[in-house]
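1. Need coordinates for the below:
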Amino acid sequence: MPAPSVSCPKCFGTGQVIDHARIGADMRALRVSANRGQKVTAKALGVSQGYLSDLEHGNRQWTQELIARYKRALFE
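-> Numbers count the residues shown, from 1 in each chain. Here you go, the predicted structure:
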């Protein structure tokens, strides 16, 4: 019997474990290269600066929605 289709927040539905610390480090590098401060970026995302810091340091899990909002905050 096939396994039920379940969306996994830890793997974005891929079945692979996502390295949220690596995503955070990459996102932080993008933010720094775009000359955007953490406070301004957090405000654009609608999260606190502390929450953004936790994301960038791998202490919270990224979601696809957060990644999309982060990209928009930096490049739009």
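2. most residues in a single helix of this protein, which one?
-> helix 20-33 (DSSP state H).
3. Tell me which residues of the helix or strand following that helix come out buried.
-> Downstream of helix 20-33, the first helix or strand assigned by DSSP states H and E is helix 38-45. With burial defined by 16 or more other C-beta atoms under 10 Å, the residues of helix 38-45 counted as buried are 41-42, 44-45. Placement of C-beta: from N, CA and C, glycine included.
4. Burial check on Ala73, number of neighbours?
-> 19 (other C-beta atoms under 10 Å).
5. does it belong to a helix or a strand, and which?
-> In the assignment (DSSP H and E), Ala73 maps to helix 64-75.
6. how close does Glu56 get to Glu65?
-> In this view, Glu56 and Glu65 are 17 Å apart by C-beta to C-beta, to the nearest Å.
7. ok, the two, which is more surrounded?
-> Glu56 (23 against 8).
8. pretty sure the more buried one contacts Ile23?
-> No - counting by C-beta atoms under 8 Å, Glu56 stays clear of Ile23, with 9.1 Å between them.
9. Where does the prediction get shaky in this protein?
-> For the chain, the stretches with pLDDT under 70 are 1-15.
10. who touches Glu76 in this structure?
-> By C-beta atoms under 8 Å, 6 or more residues apart in numbering, no residues touch Glu76.
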